[in-house]
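build me a structure from this.
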Amino acid sequence: QRLGLEDDIVDPSNELIKEGPIQKISTRHGTSEKYLFLVGTGLLYCVPRVLQVGAEFQVHLRIDVDSMKVRELNDTQFPHTFLVSGKQRTLELQARSGEEMNAWIKAFQDAIARKEKRSETFKTAVHGLETGTPALKTEELGRRAPQWVRDNLVTMCMRCKEPFNAIRRRRHHCRACGYVVCARCSDYRAELQYDGNRPNRVCLECYVFLTGRVVLEDREGKHKGILEKGAVEVSGRSLLCSSLQLLDKNGKGGTRGWFVIPQDDPLVLYIYAAPQDVRAHTSIPLLGYQVRDLPQGDSRHLFQLAQSRQVHTFAADTEELKRRWMRAMARSAAGITPPEEGEDGDSCDEAE
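Have a look, this model is predicted:
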């Protein structure tokens, strides 16, 4: 009755496992409140009705427990978040506390375990899932709804690496892999099994994989950057990485970005606009620079790189992070190689 007499969920074997409010994280619009009913057959993703006459909630989406997966997300912007992925859709959800998040994850895991006991085919479907990465395996493209990369995590197309802008190059999502891509790189449509084999916007790479058709494109004359390694790849093997602000010459403004000193290129500081960009927009060779401490200014933790007339001023979020960057840059500026594996040294600090 609360769902408007959804009689197809009424079954003696279909029990209610858990219900409650939750925040849905959108790739563009932040969060919005929803309501979940987790039953034996799957998840009912609902919105409260404005006028609660008759039904209390309206079902917007159903995700079958068959092939469902759930995992916690380590997201500093949205704490207590977890991912629910199914054939029909992938949802990023935020609980009000860590305890509430753990209770939801356990409820989903219990529902999945019950289904697993009833169906040996489920074990085959989920075997080998790498819970540490949001990316779909190649064999899952088109069969499972992907987790969309959030717009604010990238400043350039994740395929062609051209910067986005508000007028000529806007952001789109590939419905097969979830990457943020430009209109040119997503000007293809392919049938996706998880969406009832309806044609969806996909990127070129997914289009070729899903359809088997070869697309020849004229990319001559297209600008290519020299810093082609992606931020995620470089950060995973770095001496230190985190967000910093590079101030302008008058020290009043500047650009915030993602800064990395790679292990395999320890004498260079790479600067990305966002932590999941696929290309750095600039770099600073550190060898020969001097690292200077600066007094704390308007609650900012400041330090400098200086060489001859070249001066770069940085602002860190905390004093501890500032000291770590100063140590790492000083070693690189002196040409000191990184410590061997097992020695004490700074590492990538994504939480900062």
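
from here on, contacts and neighbour counts on C-alpha atoms
Noted.

my guess is residue 32 contacts residue 21, does it?
No. Taking CA atoms under 8 Å as the contact criterion, residue 32 and residue 21 are not neighbours in contact, 10.4 Å apart.

more crowded one of those two?
residue 21 (16 against 13; other CA atoms under 10 Å).

quickly list what that one is bridged to.
residue 35 (DSSP bridges).

and it, how far is that from residue 96?
To residue 96, residue 21 is 9 Å away according to CA to CA, to the nearest Å.

ok, residue 1 touching residue 57?
No. With contact defined as CA under 8 Å, residue 1 does not reach residue 57; the gap is 9.3 Å.

looking at those two, which is more packed in?
Remark: of residue 1 and residue 57, residue 57 carries more neighbours, 22 against 10, as counted by other CA under 10 Å.

moving C-terminal of the worst-scoring helix or strand of the chain on mean pLDDT, what's the next helix or strand?
The element with the least model confidence among the helices and strands of the chain, by mean pLDDT, DSSP states H and E, is helix 120-126, at a mean of 39. Proceeding C-terminally, helix 120-126 gives way to strand 172-173 as the next helix or strand, assigned by DSSP states H and E.

how close does the residue nearest the centre of the chain get to residue 184?
Most central in the chain under CA atoms, centre = their mean is residue 149, positioned 4.7 Å from the mean C-alpha point. When CA to CA is the yardstick, residue 149 and residue 184 sit 18 Å from each other.

residue 326 now?
Relative to residue 184, residue 326 is positioned 42 Å away (CA to CA).

between those two, tell me which one has more neighbours.
Taking other CA under 10 Å, residue 326 and residue 184 do not tie; residue 326 has more neighbours (19 against 15).

let me know whether the more buried one touches residue 291 as I believe.
Yes. Counting by CA under 8 Å, residue 326 touches residue 291, with 6.4 Å between them.

which stretches of the stretch 151-300 of the chain form helices?
In order along the chain, the stretch 151-300 of the chain carries the following helices (DSSP state H, counting those that start in this stretch): 204-211, 231-236.

what's the closest non-adjacent residue to residue 96?
Nearest in space to residue 96, with sequence neighbours left out and distances taken as CA to CA, 6 or more residues apart in numbering, is residue 80 at 6.9 Å.

hmm, residue 301 is touching residue 317, no?
Yes. Under the criterion of CA under 8 Å, residue 301 makes contact with residue 317 at 6.6 Å.

compare the two and say which one has the larger neighbour count.
Under the neighbour definition other CA under 10 Å, residue 301 and residue 317 were set side by side, and residue 301 has more, 20 against 16.

residues in contact with that one?
Taking CA atoms under 8 Å, 6 or more residues apart in numbering as the contact definition, residue 301 lies against 294, 295, 315, 316, 317, 318, 319, 322.

again, only this time at 6 Å
Contacts of residue 301 were listed using CA atoms under 6 Å, 6 or more residues apart in numbering, and they are 315, 316, 319.

the first one - that's part of a helix, no?
It stands for residue 315. No. Under DSSP: H, G, I helix; E, B strand; the rest coil, residue 315 falls outside any helix and is assigned strand.

report the beta-bridge partners for it.
Applying DSSP bridges to residue 315 yields these beta-bridge partners: residue 245, residue 302.

ok, it touching residue 305?
No. With contact defined as CA atoms under 6 Å, residue 315 does not reach residue 305; the gap is 11.7 Å.

so for the two, which sits in the more crowded spot?
Set side by side, residue 315 and residue 305 give different neighbour counts by other CA under 10 Å, the larger being at residue 315 (25 against 21).

quick one: that one from residue 256, how far?
Distance check for residue 315 against residue 256: by CA to CA, it reads 9 Å.

same check, this time on residue 79
From residue 79 over to residue 256 the distance is 22 Å, taken as CA to CA.

for these two, indicate the residue with more neighbours.
residue 256 (18 against 15).

so where's the stretch 151-300 of the chain shaky on pLDDT?
Residue ranges of the stretch 151-300 of the chain with pLDDT under 70: 166-168, 212-228, 250-252, 297-298.

residue contacts, residue 181?
Taking CA under 6 Å, 6+ apart as the definition of contact, the neighbours of residue 181 are 157, 158, 171, 172, 173.

run a quick neighbour tally on the last one.
The local packing of residue 173 (other CA under 10 Å) involves 21 other residues.

and for the fourth one?
Burial of residue 172 is recorded as 21 neighbouring residues (other CA under 10 Å).

partners of it in the sheet?
residue 181.

distance check, it against residue 188.
Taking CA to CA as the measure, residue 172 falls 12 Å from residue 188.

try the first one
In this structure, residue 157 and residue 188 are 15 Å apart, going by CA to CA.

what of the last one?
In this structure, residue 173 and residue 188 are separated by 12 Å, where distance is defined by CA to CA.

show me whatever sits in contact with both of these two.
Applying CA under 6 Å, 6+ apart, one finds that no residue jointly contacts residue 173 and residue 188.

quick one: contacts for residue 258?
For residue 258, the contacting residues are 242, 243, 271, 272, 273, 274, 275, taking CA under 6 Å, 6+ apart as the criterion.

now with 7 Å?
For residue 258, the set of contacting residues under the criterion of CA atoms under 7 Å, 6 or more residues apart in numbering consists of 242, 243, 244, 271, 272, 273, 274, 275.

same check on residue 143?
The neighbours of residue 143, taking CA under 7 Å, 6+ apart as the test, are 87, 192, 193, 194.

stretch 242-250: which residues count as buried?
242, 243, 244, 245, 246, 247 (16 or more other CA atoms under 10 Å).
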